[in-house]
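Trainee: Sequence below, structure please.
(one chain, ligands or ions: 2)
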Amino acid sequence: MELKGIGVGSKAVVGDVFRLETSEAVAEHQKTSHTPGEETSVLATAIATTAATIRSETASSDPTTIEIMDALLIILEDPELQQMAKPHLEAGFDAPTALFKALDEFAELMGDDEDFKSRVGDLRGIATRISSWVRGIAQGPSIPQEGRWIIVADDLTPLETSQFGPSVVGVVTELGGPTSHTAIICRALSLPAVVSAKGAMALEQGSSVLVDPVGNRVLPDSDLSQATQSISFIPHADTPLITVRANIGGLEDAKKASATSARGVGLFRTEVLYLAQASEPSIEQQTSAYTEVLKAAPAGKIIIRTIDAGSDKPVPFLKLGNEENPALGVRGFRLNTKHGGFVISQLKAIAAAINATGRDVGVMAPMVSSVEEVRTFAALCAEAGIQSVGIMIETPAIISLMPDLAGLVNFVSIGTNDLSQYLFAADRMHPELGGFSNPWQPGLLRNVSQVVTHAKALGIPVGVCGESAANPLLAIVFAGLGVESVSAAPSAVDSVSEALRAVGAQKASEAATLALRASTAEDAEASVRSLFEGD
Ligand code: PEP
Ligand code: MG
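Mentor: Numbers count the residues shown, from 1 in each chain. Ligands and ions are numbered 1, 2, ... in the order given. Take a look at the predicted model:
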């Protein structure tokens, strides 16, 4: 039985199925015969021990995961939470029950806090580990350190991916899409994965499967000889057909990017620095953070994006509050209406970092959808002394307004993750709508082509910085459409560069024509792939 899904990565892998299921049993309410005093110290010890274990497990994870986990542990270690557990301990409940009850009350208190709500699932996950420790229950089988395991799950949270060690060789998820947390982490860790694979949870525990990301499928009882071969590009030019840059979220990423062939940075996601920050950073703190990143970043132009908080990227100090439809709410550059002070201080800090390092920097605004917003941003940049000003193309409205942007912007960068979300009216984090985020969707590619036409008419360069550009074949398609630069996670930069050193303008243009002609994502990918097979 073959499972179809969406592949992440270009290498196939064989391993044994390790199904991760969330155990709810440990959360059941239980009374205890211990005194409240005894149970209070059990709770304190359980929290401290579990927190220490999780910190050591995540010590070598990526910086974003470490920050997210730290923010979660800080909430669980908060004496106020333990204080809230006290009445339940005094009522005779055991430590785990009191902890869950306290967490429920805490969640109620934080009711409107979007940031807290997005973390409740992970907090309960950690509370479940604390409970398992107290009750001596092995919380489901934990991933064995030995062997070669393919982790199979509905979807994975940061807590779960942070536990991956060297025995994890691949991932299959029933839900999620190519822009889900799972896909982004797998790409960063170079772990082959197939997401949105319907029927994955029916795979037998311990059975052998082939994860074939290039073929967008999972095959039971198969070996590597049955894997779909990724196109092996043989570079013949010293430089890629178009510029390849790196996407970064902070200093560690900037260092990683410098070890690749990236020519500069196509997207510095500044909000990543602040995902766990409770108080607003001062201009001085921001200047020093941006300066460090600029110094460490690879040679070439660096494009910094002003804060893109909200929706799937909660930033605690902005206190964004609850929204019915956060992806359609106050996020991206719209934050300027609510937190204009922060955007202004960010631009000042970026200008200071440019002065301190002498680097060639462009600054762009995320998720704009009107000419007024672009005018406002351009004026703020001018006031801060920033010369190279751009915007992200992430909304359908701004595509049609591009002809009106003459003289306002120096470059544009297409964020295909959000552009798909808004073109298809499909939440990019929705576990069941992953197919709409497939970057081969002709509905997306034809809009990218439209953006290029508008950018050429304006005489400004256009890049692509969404996850789509991490796919070498799509990077070729973008080059063929007339895009001047692509950027991807540091782990994907070299394979994208290699592909773009192997093709000429003529072949890229043929690939683009085939992709635009297709009417489904599957046909677009298959026809472009067949163009390079046997080369
Ligand atoms: C995008 O939307 O494609 C993008 C690059 O921005 P982010 O993924 O950070 O929203
Ligand atoms: Mg975006």
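
Trainee: can you count the residues close to Asp308?
Mentor: For Asp308, the count of nearby residues is 26 (other C-beta atoms under 10 Å). Every C-beta, even on glycine, is put in place using the N, C-alpha and C of the backbone.

Trainee: wait, what's in contact with it?
Mentor: The contact partners of Asp308, by C-beta atoms under 8 Å, 6 or more residues apart in numbering, come to 269-271, 331-332, 366-367.

Trainee: which SS class is it?
Mentor: Recorded secondary structure, Asp308: coil (DSSP: H, G, I helix; E, B strand; the rest coil).

Trainee: That one and Thr239: what is the separation?
Mentor: 31 Å (C-beta to C-beta, to the nearest Å).

Trainee: element containing the closest residue to ligand 2 within the stretch 51-200 of the chain, please.
Mentor: Among the residues of the stretch 51-200 of the chain, Thr179 lies nearest to ligand 2; the distance is 9.0 Å by C-beta to the ion. Assigned by DSSP states H and E, Thr179 falls within no helix or strand.

Trainee: give the contact list for it.
Mentor: 417, 420, 428-429, 437, 466-467.

Trainee: Skipping adjacent residues, who's closest to the residue positioned nearest the centre of the chain in space?
Mentor: Centroid-nearest residue in the chain, with C-alpha atoms, centre = their mean: Ile184, separated by 4.6 Å. Among residues not flanking Ile184 along the chain, Glu467 sits closest, at 7.0 Å (C-beta to C-beta, 6 or more residues apart in numbering).

Trainee: can you pull the pLDDT of the one you found?
Mentor: Glu467 carries a pLDDT score of 92 in this model.

Trainee: In this structure Phe377 contacts Ile391, no?
Mentor: Yes: counting by C-beta atoms under 8 Å, Phe377 does reach Ile391; the two are 6.9 Å apart.

Trainee: so what sits against both of the two?
Mentor: Joint contacts of Phe377 and Ile391 (C-beta under 8 Å, 6+ apart) are 365, 368.

Trainee: When the two are compared, which one has more neighbours?
Mentor: Ile391 (27 against 24).

Trainee: what about that one, is that helix, strand or coil?
Mentor: Going by three-state DSSP: Ile391 is strand.

Trainee: ok, now which ones touch it?
Mentor: 364-365, 368, 374, 377, 398, 405, 409, 412-413.

Trainee: Could you measure from the closest residue to Thr337 other than its chain neighbours over to His34?
Mentor: Once flanking residues are discounted, Thr337 sits nearest to Val330: 7.3 Å by C-beta to C-beta, 6+ apart. As judged by C-beta to C-beta, Val330 and His34 stand 48 Å apart.

Trainee: The residue of the stretch 201-350 of the chain found nearest ligand 1: neighbour count?
Mentor: Of all residues in the stretch 201-350 of the chain, Arg269 sits closest to ligand 1, at 5.1 Å by C-beta to the nearest ligand atom. By other C-beta under 10 Å, 20 other residues sit near Arg269.

Trainee: For Tyr422, what is the enclosing helix or strand?
Mentor: Element membership of Tyr422, judged by DSSP H and E, is helix 416-423.

Trainee: Please read the previous query as pertaining to Met69.
Mentor: In this structure, Met69 is located in helix 63-77 according to DSSP H and E.

Trainee: packing partners for the host helix or strand of Ala102?
Mentor: For Ala102, the element it lies in under DSSP H and E is helix 95-109. For helix 95-109, the packing partners by 3 or more C-beta pairs under 8 Å, 6 or more residues apart in numbering; DSSP states H and E come out as helix 36-58, helix 79-90, helix 114-135.

Trainee: Please spell out which residues along the second one are buried.
Mentor: Pointing back at helix 79-90 there. 81-82, 84-85, 88-89 (16 or more other C-beta atoms under 10 Å).

Trainee: and which of the residues you listed is nearest to Ala526?
Mentor: Ala526 has its nearest neighbour among the buried residues of helix 79-90 in Leu81, at 52.7 Å by C-beta to C-beta.

Trainee: what's the spacing between the residue of the stretch 51-200 of the chain closest to ligand 2 and Gly249?
Mentor: Distance, Thr179 to Gly249, using C-beta to C-beta: 15 Å.

Trainee: for His339, same thing?
Mentor: According to C-beta to C-beta, His339 stands 20 Å off from Gly249.

Trainee: now the angle from the helix holding Met69 to helix 79-90?
Mentor: For helix 63-77 against helix 79-90, the angle by axes from the mean of the first three to the mean of the last three C-alpha atoms, to 10 degrees is 50 degrees.

Trainee: Other residues contacting helix 63-77?
Mentor: Under C-beta under 8 Å, 6+ apart, the answer for helix 63-77 is 47-48, 51, 54-55, 58-59, 61, 81, 106, 119, 122-123, 126-127, 130, 158-159, 161-162, 185, 249-253, 272, 275-276, 316.

Trainee: pLDDT score assigned to Asp113?
Mentor: 67.

Trainee: and Tyr202, how many residues sit next to it?
Mentor: No, residue 202 isn't Tyr; it's Ala. Look at Ala202: counted by other C-beta under 10 Å, it has 11 neighbours.

Trainee: Any chance of the backbone angles for it?
Mentor: Phi and psi for Ala202, reported as degrees, to the nearest 10, are phi -90, psi 0.

Trainee: Would you map out the domains in this protein?
Mentor: Domains of the chain are assigned by automatic domain parsing as 3-21+141-223, 24-135, 243-533.

Trainee: first vs last residue of the first one, how far apart are they?
Mentor: For domain 3-21+141-223, the separation between the terminal residues is 15 Å (C-alpha to C-alpha, to the nearest Å).

Trainee: Distance from the chain centre to it, please.
Mentor: Computed by C-alpha atoms, centre = their mean, to the nearest Å, the separation of domain 3-21+141-223 from the middle of its chain amounts to 17 Å.

Trainee: can you check stretch 435-443 too?
Mentor: Chain-centre distance of stretch 435-443: 17 Å, with C-alpha atoms, centre = their mean.

Trainee: How about the contacts made by Leu318?
Mentor: By C-beta under 8 Å, 6+ apart, the contact set of Leu318 is 307, 309-310, 335, 338-339, 342.

Trainee: Now the nearest residue to Gly480 once chain neighbours are set aside: which helix or strand?
Mentor: Leaving aside its chain neighbours, Gly480 sits nearest to Ala512 (3.0 Å; criterion: C-beta to C-beta, 6+ apart). Per DSSP H and E, Ala512 falls inside helix 505-517.
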